[in-house]
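got a predicted model here, sequence first, then my questions.
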Amino acid sequence: MSSPHARFAQQSYLLRCWPTAPVTRKKAHRFMLIHLQTGVRRGFTDLELLIAFLREQVERTLDDKSSGEP
């Protein structure tokens with residue numbers, strides 16, 4: 001299945017990052033990516049989820065290109 005953003009040869013995101021209220025001693029942040037071509041916003045509760053999403057988007061874009069999709 002193609003990514004909804006796969007039709008773009010280049011993907012541009014705006015990343016917002018802010019600290020959450022300190023519930024524990026561990027520093028925590030929240031993240032939001034805004035896909036600049038579509039305006040779609042996606043929130044993440046930790047850095048690992050953000051990185052996993054970006055990795056998936058890159059892999060899908062590469063898979064779509066290698067399969068000959070426009």
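Received, thanks.

ranges for the helices of the protein?
Under the criterion DSSP state H, the chain carries helices at the ranges 47-66.

pLDDT weak spots in it?
For the chain, the stretches flagged by pLDDT under 70 are 1-8, 23-25, 65-70.

go again using 90 as the cut-off
Scanning the chain for pLDDT under 90 picks out 1-11, 20-28, 57-70.

show me where it has its strands.
13-19, 29-35, 41-44 (DSSP state E).

will you turn the ones you listed into TSV that also has mean neighbour count and distance to Phe53?
C-betas here are computed from N, CA, C, even on glycine. Supplementary listing: the strands of the chain in TSV, determined by neighbours: other CB atoms under 10 Å; distance: least, CB to CB, whole Å:
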stretch	mean neighbour count	distance to Phe53
strand 13-19	11	10
strand 29-35	16	7
strand 41-44	14	7
